[in-house]
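Q: prediction below, plus the sequence it came from.
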Amino acid sequence: MSRTGTWYLLPLLSLLLGSGCAAAPITPQAISIATWNAEWMIEPATFAGLAASCTPREVRVTGETRSVPCDLVGRTQWSEQDLERLRLFVATLPIDVVALQEVDGAETAAKLFPGWNACFTKRRHVQNVGIVARPGVPMRCNEDYRALGLAENTVRWGVDVTLHPDTPQALRLLGVHLKSGCNRDSLTSEREACGVLQRQVPVLEAWIDARAAAGERFAVLGDFNRRFDLETGPARDSEGRTLAIWPELDDADPAGADLIHFDSGPGPEPCRSGDPVRQAIDFIVVGAALRSSVMADSYRMWTYPRDAARWPDHCLRSLTFEFRSTP
C-alpha cells in the first residue's frame, strides 16, 4: 500500500519463531492525527428545536446556555443527508484521530464517526471541542481543560486526552478552539475579541509548559482563530503585554516548549478547487519531544469534492507520526 501523504496506523506484529518465542522485533508504528472545524455541527432535530428560541448575535451566552444565533437559522443547519455525505467523506480518509470543533457532543460526532471512541468537553453549549479515535487506538479522556473558558465561561474549553496511556507510546493531545474575531490584529487591540484571546494565551501556555517540563510527547491541535503567518514581531510589548500568540507559545521555556506548527505549507490552498483561498487558522502544534517523530511530508489538507453540496467552512488537516518501539 502506498505511504504518500497522511496515512494509516500500522498494525503491530508479533512473530513466533521455531518451537520457542523469539523476542518481538522493533516494529514501526504510525498514527495520523487531524483537526477539523465541522461548522455548527448540530443534529437537525436539535437545531430545529433551538431555532424556535434563537439568540440575537449581540447577546453574550455562557457555556451553560444551549442556543443558536438567530442569524444562523435558515442558512447554517445540517440535514440528515448532509451528515451521511460527511460520514462517507471521512470514511475514505486514512486518519486515526480527529480533533473536532463546533460539534454538539459525542452523540452528534457519532453520526460522522460511527463506532469511534470519543472524548468531548462537557459544556451544555452546543459548541463543544472533542477528540475521536478510530477503534483500536487506545484513548483516555483526561479532565476538561476548563480554564480556557476563562472566568466568565463564555469561550470554549480544551479537551485533553492521552493516546496509548500508560505505555511507552503515550501521546498527550489538547484540542482547542480559541476565541474568534481577532485573527490578525494585535492582541492589545481595543477590540473585545482580542482582549479575550489575549487572556487565553497564558492559560494555553501553562498547559504546554506543564507537558514540556514533564518531558511528555504532546501536541495541541484545533482552530486557533489566528493567522500565525502574520505574527512575525515580538511576543510582548515594552510593558510586558502579550502581542501575538505564536512567539509567546514558542519560547523554548522550558526546553520542551520549543514548538513547531504545521499549516498549509508553501502556499494556501482552497478547501475546494475554485473556492476563495483563505490562510490557515487551524494548526497542529508539536512539542520538542515529538518533533523527531513527525513523518516527513505527511502534512495534508484534505479537499472536498467540487459539487453543489454544502461542506464545512474549514478544511480537515492531518499529520502523521512514526514511532519505533519494542512491544
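A: Cool, got the structure. Numbers count the residues shown, from 1 in each chain.
Q: all contacts plus neighbour counts: C-alpha atoms, from now on.
A: Fine.
Q: what about the closest residue to residue 237 other than its chain neighbours, how many neighbours?
A: Leaving out its chain neighbours, the residue that sits closest to residue 237 by Cα to Cα, 6 or more residues apart in numbering is residue 243, at 6.6 Å. By other Cα atoms under 10 Å, the residues close to residue 243 number 21.
Q: next up, the contacts around residue 243.
A: 186-188, 198, 234-237 (Cα atoms under 8 Å, 6 or more residues apart in numbering).
Q: is the residue nearest to residue 263 when sequence neighbours are not counted in a bridge, and if so with what?
A: Once flanking residues are discounted, residue 263 sits nearest to residue 283: 5.6 Å by Cα to Cα, 6+ apart. On the basis of DSSP bridges, residue 283 is bridged to residue 222.
Q: neighbours of residue 283, just the number please.
A: The burial count assigned to residue 283 is 26, neighbours taken as other Cα under 10 Å.
Q: low-confidence stretches in the stretch 1-150 of the chain?
A: Counting by pLDDT under 70, the stretch 1-150 of the chain contains low-confidence residues at 1-28.
Q: just the helices in it please.
A: Under the criterion DSSP state H, counting those that start in this stretch, helices of the stretch 1-150 of the chain are mapped to 44-51, 80-91, 106-112.
Q: check which residues of the last one are buried.
A: Neighbour counts over helix 106-112 (16 or more other Cα atoms under 10 Å) mark 106, 108-109, 112 as buried.
Q: for residue 206, state which of these is nearest.
A: residue 106 (27.0 Å; Cα to Cα).
Q: so how far is residue 195 from that closest one?
A: 31 Å (Cα to Cα, to the nearest Å).
Q: what helix or strand is residue 220 located in?
A: Counting by DSSP states H and E, the element that carries residue 220 is strand 218-223.
Q: give me the residues contacting that strand.
A: With Cα under 8 Å, 6+ apart, strand 218-223 has contacts from 34-37, 99-101, 171-178, 211, 281-287, 289-290.
Q: just the ones of the residues you listed in strands?
A: 34-37, 99-101, 171-177, 282-286 (DSSP state E).
Q: any of those residues buried? List them.
A: Neighbour counting by 16+ other Cα under 10 Å classes 34-37, 99-101, 171-177, 282-286 among the ones in strands among the contacts of strand 218-223 as buried.
Q: neighbours around residue 189, how many?
A: Close neighbours of residue 189, defined as other Cα under 10 Å, add up to 13.
Q: does it sit in a helix, a strand or a coil?
A: coil (DSSP: H, G, I helix; E, B strand; the rest coil).
Q: so it touches residue 197, yeah?
A: No - using Cα atoms under 8 Å, residue 189 is not in contact with residue 197, being 10.6 Å away.
Q: just give me the longest helix of this protein.
A: Scanning the chain for the helix with the most residues, using DSSP state H, yields helix 192-213.
Q: give me the secondary structure label for residue 301.
A: Going by three-state DSSP: residue 301 is strand.
Q: okay, and the beta partners of the nearest residue to it once chain neighbours are set aside?
A: Closest residue to residue 301 apart from its sequence neighbours, by Cα to Cα, 6+ apart: residue 317 at 4.4 Å. Under the criterion DSSP bridges, residue 317 forms beta bridges with residue 35, residue 301.
Q: just to revisit the earlier point, so what's the residue nearest to residue 263 up against?
A: So residue 283 contacts 35, 221-224, 261-263, 317 (Cα under 8 Å, 6+ apart).
Q: could you dump those into JSON lines and include distance to residue 295?
A: Output for the contacts of residue 283, formatted as JSON lines (distance: Cα to Cα, whole Å):
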{"residue": "35", "distance to residue 295": "17"}
{"residue": "221", "distance to residue 295": "17"}
{"residue": "222", "distance to residue 295": "19"}
{"residue": "223", "distance to residue 295": "22"}
{"residue": "224", "distance to residue 295": "23"}
{"residue": "261", "distance to residue 295": "14"}
{"residue": "262", "distance to residue 295": "12"}
{"residue": "263", "distance to residue 295": "15"}
{"residue": "317", "distance to residue 295": "15"}
